[in-house]
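> this one's sequence-less:
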């Protein structure tokens, strides 16, 4: 089976500073890949390359058999820092509705400029996406009134409403409490039954109990099965002593 | 104020002023909320002030100053938009430079035309009482363009204004939509020149929308409230300035500013 995401010899530099070097990675369909590593190790940059928001300086990158720019409308994305102001006058339902805009499966880039009145099917999709992330009761709330965990669920619903084939999440639980963190990863585990998921996280021990494989990034990349994450590996990755706390999950 | 409404029945220039005020208020109401929620007041100010360059050049060469204003506004919107999208450092300085250069060009060209000094004041501070009939048609056409674009592309523009990166990921033509928004703001600036002039444009473009944003929580509703409020403020400012023979532009802006301050105090106490 062809990988849904394939990077060969990919490198990226911010100014004179190399961020990623010689990255090889193949992600299979329905894989749940955790991406971990130290701060400024290149985790978010890797996601942005896959999304086509950045262009690699070296190497080849294919997503769903095409270039990232050509296929990014088939991807769902939840950013670490949302690109909007929390006091923007917009309801949760409207935010999710905006996730329906853009390039369609059929029709070129200009199709996204056609008048965009929602039909009954699209309204049902919005409600379904909100229900799926258990945020149906938040639909009429203003985006600025949500807690960190609620906001992440809504942004996940915005990503899901376009029915993506691959879901990418950058530190989805950075601003939520531990209980909400578990709930979000339980939800991702369920979504993984029908889509490929890549999640960047700082919490390697927590992530490794959910994902099928861990990609450790600190400028270069090494992949490990989740069972192989131990203190020695963490020391190699972070280059310093790292305390490892094992989380047990009953799911 | 009753003196104004009695005179309105008899004097055509007052009727034209009223129509011009309402047409300008519609543009403010439609575009102001985008400017406020996207926080691009500085960009709108840059576009507004660079318009004087176009007007000065048009006057100097004997062309219609409003046509010069329109060309300058659209060009400066496209330039500022391009800078904002591609020149990620120092954009505020460049916008400030365009702001100053546009005004300097306008003043230099106007200074070379004998007897046009009075016009300079009316472009800077507006003179709604001197709007000729053909410019009402021009203003009506600009309003029609604004309304049509908002009706067709409001959701796409909202997506870009709300979260530019996500709109880009969804495959929306973000550059086109962002530049379109700035061009629409440029058209609104031209609409407002006769009413309040270049210097005071920013107040009417942002304050009614900001007041609306204190009471409603969607951009579409902000547009409706800001349009009605702008119409009220323009008509009330015009009426209040008529009796004591004050310049209408500053009177309208003063009233708008007071409405904003009172509303802000009221809405803070409500919380």
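Arrived safely. From a predicted model like this one, the values you see are computed outputs, not experimental measurements.
> going forward, measure contacts between C-alpha atoms and count neighbours the same way
Will do.
> and stretch A:46-56 with chain B, contact?
Yes: judged by CA under 8 Å from any CA of the partner chain, stretch A:46-56 and chain B are in contact via A:51, A:53.
> just the residues contacting that stretch, thanks.
For stretch A:46-56, the surrounding residues in contact (CA atoms under 8 Å, 6 or more residues apart in numbering or on different chains) are A:5, A:10-12, A:20, A:45, A:61, A:63, A:67-69, A:72, A:75, A:168, A:170, B:169.
> give me the mean pLDDT for stretch A:102-113.
Averaging pLDDT along stretch A:102-113 gives 65.
> which residues of chain A fall in helices?
Counting by DSSP state H, the segments of chain A that form helices are A:43-50, A:68-71, A:92-98, A:120-132, A:148-160, A:178-191, A:204-208, A:231-238.
> repeat for the stretch 51-200 of chain B
Secondary structure of the stretch 51-200 of chain B (DSSP state H, counting those that start in this stretch): helices at B:65-86, B:91-111, B:117-125, B:133-162, B:164-169, B:174-213.
> show me the shaky parts of the chain.
You didn't say which chain, so I picked chain A. For chain A, applying pLDDT under 70 flags the ranges A:1, A:103-110, A:115-116, A:223-251.
> other chain: chain B
In chain B (pLDDT under 70), the answer is B:88-90, B:116-118, B:271.
> so which residue is smack in the middle of it?
Chain B has residue B:189 as the residue nearest its centroid, 3.3 Å off, counting by CA atoms, centre = their mean.
> where's the nearest residue to it once chain neighbours are set aside, which helix or strand?
Excluding its sequence neighbours, the residue lying closest to residue B:189 (CA to CA, 6 or more residues apart in numbering or on different chains) is residue B:48, at 5.8 Å. In this assignment (DSSP states H and E), residue B:48 forms part of helix B:41-60.
> same for that helix, what does it pack against?
On a contact count with 3 or more CA pairs under 8 Å, 6 or more residues apart in numbering or on different chains; DSSP states H and E, helix B:41-60 meets helix B:65-86, helix B:91-111, helix B:174-213.
> how near is the residue of the stretch 1-150 of chain B found nearest chain A to residue B:72?
Of all residues in the stretch 1-150 of chain B, residue B:37 sits closest to chain A, with a separation of 6.3 Å (CA to the nearest CA). According to CA to CA, to the nearest Å, residue B:37 stands 25 Å off from residue B:72.
> count of neighbours near the nearest residue to residue B:113 once chain neighbours are set aside?
Spatial nearest neighbour of residue B:113, excluding adjacent residues (CA to CA, 6+ apart): residue B:60 at 6.4 Å. Residues near residue B:60, counting by other CA atoms under 10 Å in any protein chain shown, number 19.
> residue B:60 and residue B:99, how far apart?
Distance from residue B:60 to residue B:99, by CA to CA: 20 Å.
> near chain B, which residues of chain A?
Residues of chain A lying near chain B (CA under 8 Å from any CA): A:51, A:53, A:72-73, A:82-85, A:88-91, A:98-99, A:101-103, A:109, A:112-116, A:142.
> these in strands, which ones?
Nothing among the residues of chain A next to chain B maps onto strands, per DSSP state E.
> which residues touch residue A:221?
By CA under 8 Å, 6+ apart, the contact list for residue A:221 reads A:23, A:24, A:215.
> could these go into a markdown table alongside neighbour count?
Shown next, in a markdown table, are the contacts of residue A:221 (neighbours: other CA atoms under 10 Å in any protein chain shown):
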| residue | neighbour count |
| --- | --- |
| A:23 | 22 |
| A:24 | 18 |
| A:215 | 22 |
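> and residue A:34, how close does it get to residue B:45?
Per CA to CA, residue A:34 is found 46 Å from residue B:45.
> do the same with residue B:171
Note on residue B:171: its distance to residue B:45, by CA to CA, is 30 Å.
> what's the answer for residue A:191, then?
Distance, residue A:191 to residue B:45, using CA to CA: 47 Å.
> again, but for residue B:58
Shown here: residue B:58 relative to residue B:45, a distance of 21 Å by CA to CA.
> same check on residue A:122?
Residue A:122 sits 39 Å away from residue B:45, going by CA to CA.
> the two: which is more packed in?
residue B:45 (22 against 15).
> is it true that the more buried one touches residue B:98?
No: using CA atoms under 8 Å, residue B:45 is not in contact with residue B:98, being 10.2 Å away.
> what's near enough to touch the closest residue to residue B:229 other than its chain neighbours?
Of all residues not flanking residue B:229 in the chain, residue B:208 sits nearest, at 6.3 Å (CA to CA, 6+ apart). By CA under 8 Å, 6+ apart, the contact list for residue B:208 reads B:29, B:32, B:226, B:227, B:229, B:230, B:256, B:260.
> verify the stated contact: residue A:136 with residue A:126.
No: using CA under 8 Å, residue A:136 is not in contact with residue A:126, being 9.4 Å away.
> neighbour count: those two, which is higher?
residue A:126 (28 against 18).
> how much space separates the more buried one from residue A:147?
For residue A:126, the distance to residue A:147 - CA to CA - is 20 Å.
> ok, now residue B:180?
According to CA to CA, residue B:180 stands 34 Å off from residue A:147.
> the two: which is more packed in?
For residue B:180 versus residue A:147, the count of surrounding residues by other CA under 10 Å is larger for residue B:180: 18 against 11.
> residues near residue B:33, how many?
31.
> secondary structure class for it?
helix (DSSP: H, G, I helix; E, B strand; the rest coil).
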